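> after the sequence you'll find the predicted model.
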Amino acid sequence: MPKVKPHRTSPSLDMTPMVDLAFLLVTFFMLTTKFAPEEAVVVDTPSSTSEIRLPESHVITISVDKDKRVFFGMDDAKPKLDLLTRVGAKYGVSFTAAQAKTFSNLSSFGVPVQQLPDFLSRDNEQRKAIKQPGIPADSLNNQFIDWVVEAQAASRKEFGKPAFVAIKGDGNADVPTVKKVIKLLQDKNINRFNLITDLESKPVAGK
Amino acid sequence: MAEIQQQADSGKGGKKRAKKMSTKIDMTPMVDLAFLLLTFFMLTTTFSKPTVMQLTMPVKPKANEEQTEIKASDAFTVLLGENNKIYYYDGLLSSDVKPELQASSYDANGIRKTLLQRRQANPKVVVLIKAADKSNYKNMVDILDEMNITDQKKYALVDISKADEDLIKTSGL
């Protein structure tokens, strides 16, 4: 009886479908990824067990760093231009079109409005080098609340609803500054806050 | 690619033919790159959205509005001190009543246990959180987190009073 020879298959493998799939996924992820915008300040958020995710859009981020500085950020570009003119008009500061464009691309900033035109006309590298003093938020010179109120108004005009207010505090930020921010917002009837935190696993309660 | 190149020209025959190039291209580097990018983008997307903790503060009371007082028997006060210290006492602090201050900690056997006990003993308990000026934001988030973990129905962030600070000082804890 002749020996049955196993059928020799060629070791070649058609990889085309796999490559197709890989590139499809690459394209998908490339298009959907929104890179974390460059932050003006490094904030190391504390962790909590909350699993609610930050909304995708219409978010106002108030960052408080460990040196008691307050930063303001807004993610929608369109109402931001409106916001800049509104706040500028209030403080008698005018901006050029180029400065407004830079502003709409800025993720967050922490300079008083009087210094803002100068800050915006610098290029990226110079801007990074400047140590931003934070937005004034004391009772004498309260620009911070104006930014928030005008941002809410601009957002309401643009999208028909106010933006989410998210507070991003550094773990080492002091409580008085955070409380001051909360109190200022409460004065303007903003009572819902989202504290940005890192995720930590939930312990089992009641044991 | 996982492809073994077949010898195109056996070398037989005298006629020198132009060497036929194989139409197959080695796709391995391209595939490598594709997967590298794929991995990179997959990992960056998943971690980009931070989580948020919702905090609802009470609406600012109007000038002539009556505020409801909480009963001392329902109150449970948590004080956040400096250097990550945490204290608590039952009831309310007033000029004639000095509740006993206890020190606790942020770990699972510390304040969490106490909070759970208090809630089991009295479901109507109201937790008052008073953060001292020297405490840090992390402490505040941690204690709010404990509220979520222990599922407290009623809690509030309250300003710390002078009496509370004195109580911490005199207790020596």
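Happy to help now that I have it. Residues are numbered from 1 along each chain as shown, chains lettered A, B, ... in the order given.
> residue 100: neighbour count?
No chain in the question, so chain A it is. 16 (other Cβ atoms under 10 Å in any protein chain shown). (C-beta placed from N, C-alpha, C; glycine too.)
> if you could check chain B rather than the one you did, that'd help
Residue B:100, neighbours per other Cβ under 10 Å, totals 10.
> same question, residue B:74
17.
> residue of chain B closest to chain A, please.
residue B:41 (3.3 Å; Cβ to the nearest Cβ).
> list the contacts for residue B:79?
B:86-89, B:101, B:130, B:132, B:160, B:164, B:167-168 (Cβ atoms under 8 Å, 6 or more residues apart in numbering or on different chains).
> what about 6 Å?
Going by Cβ atoms under 6 Å, 6 or more residues apart in numbering or on different chains, residue B:79 touches B:87, B:130, B:164.
> per-residue pLDDT, the closest residue to residue B:127 other than its chain neighbours?
For residue B:127, ignoring the flanking residues on the chain, the nearest one in space by Cβ to Cβ, 6 or more residues apart in numbering or on different chains is residue B:155 at 4.0 Å. Note for residue B:155: predicted pLDDT of 83.
> residue B:155 belongs to a strand?
Yes - when DSSP: H, G, I helix; E, B strand; the rest coil is applied, residue B:155 is found to be in a strand.
> hang on, the residue of chain B closest to chain A in a helix?
Yes - Residue B:41 sits within a helix when classified using three-state DSSP.
> I'd guessed the residue nearest to residue B:127 sits against residue B:128; true?
No - between residue B:155 and residue B:128 no contact is recorded; they are 7.5 Å apart, counting by Cβ atoms under 6 Å.
> for chain A, what are the low-confidence residue spans?
A:1, A:9-10, A:34-40, A:201-207 (pLDDT under 70).
> and the residue lying closest to residue B:101 once chain neighbours are set aside, what pLDDT?
With Cβ to Cβ, 6+ apart as the criterion, residue B:101 has its nearest non-adjacent residue at 4.4 Å, and that residue is residue B:171. pLDDT for residue B:171: 75.
> how far away is residue B:171 from residue A:167?
32 Å (Cβ to Cβ, to the nearest Å).
> those two: which has the busier surroundings?
Higher neighbour count among residue B:171 and residue A:167: residue A:167, with 23 against 14, using other Cβ under 10 Å.
> restricting to C-alpha, output the helix or strand harbouring the more buried one in CSV.
With secondary structure defined by DSSP states H and E, residue A:167 is part of strand A:164-169. Provided in CSV are the C-alpha atoms of strand A:164-169 (Å, rounded to 0.1, in the frame of the first residue of the first chain):
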residue,chain,number,x,y,z
PHE,A,164,-21.0,72.0,32.1
VAL,A,165,-18.9,73.4,34.7
ALA,A,166,-16.0,71.2,35.6
ILE,A,167,-13.6,72.0,38.4
LYS,A,168,-10.2,70.5,38.0
GLY,A,169,-8.3,70.8,41.2
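> next, the angle strand A:164-169 makes with the helix or strand following that strand.
Of the helices and strands lying after strand A:164-169 in sequence (DSSP H and E), the nearest is helix A:175-187. Per axes from the mean of the first three to the mean of the last three Cα atoms, to 10 degrees, the angle that helix A:175-187 makes with strand A:164-169 is 170 degrees.
> other residues contacting helix A:175-187?
A:64, A:68, A:145, A:169, B:57, B:60, B:131, B:133, B:135, B:137, B:140.
> so the first one sits right up against residue A:169, yeah?
Spelled out, that is residue A:64. Yes - using Cβ under 6 Å, residue A:64 is in contact with residue A:169, at 4.5 Å.
> who has more neighbours, those two?
Applying other Cβ under 10 Å to residue A:64 and residue A:169 shows that residue A:169 carries more neighbours, namely 28 against 24.
> residues contacting the more buried one?
Residue A:169 touches A:64, A:178, B:137, counting by Cβ under 6 Å, 6+ apart.
> from those, which single one is nearest residue B:147?
Nearest to residue B:147, judged by Cβ to Cβ, of the contacts of residue A:169 is residue B:137 at 15.7 Å.
> backbone torsions only: list them for that closest one.
phi -60, psi -30 (degrees, to the nearest 10).
> and the pLDDT for residue B:36?
At residue B:36, pLDDT is 90.
> can you tell me the helix or strand for it?
Assigned by DSSP H and E, residue B:36 falls within helix B:28-46.
> for that helix, which positions count as buried?
B:31, B:34-35, B:37-38, B:41, B:45 (16 or more other Cβ atoms under 10 Å in any protein chain shown).
> helices of chain B, start to end?
B:28-46, B:111-121, B:137-149, B:162-171 (DSSP state H).
> least reliable of these going by mean pLDDT?
helix B:162-171 (a mean of 78).
> distance of residue A:181 from residue A:197?
16 Å.
> how many other residues sit next to residue B:148?
For residue B:148, the count of nearby residues is 16 (other Cβ under 10 Å).
> same question, residue A:171
18.
> which SSE is residue A:90 in?
Assigned by DSSP H and E, residue A:90 falls in helix A:77-91.
> report the next helix or strand after that helix in sequence order.
helix A:97-105.
> how about that following helix as PDB, C-alpha atoms only?
Only the C-alpha atoms of helix A:97-105 are listed here, as PDB (Å, rounded to 0.1, in the frame of the first residue of the first chain):
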ATOM      1  CA  ALA A  97      -8.700  88.900  14.600                       C
ATOM      2  CA  ALA A  98      -5.400  87.000  14.900                       C
ATOM      3  CA  GLN A  99      -5.500  87.300  18.600                       C
ATOM      4  CA  ALA A 100      -9.100  86.000  18.700                       C
ATOM      5  CA  LYS A 101      -8.100  83.100  16.600                       C
ATOM      6  CA  THR A 102      -5.200  82.200  18.900                       C
ATOM      7  CA  PHE A 103      -7.600  82.500  21.800                       C
ATOM      8  CA  SER A 104     -10.100  80.000  20.300                       C
ATOM      9  CA  ASN A 105      -7.300  77.500  20.000                       C
END
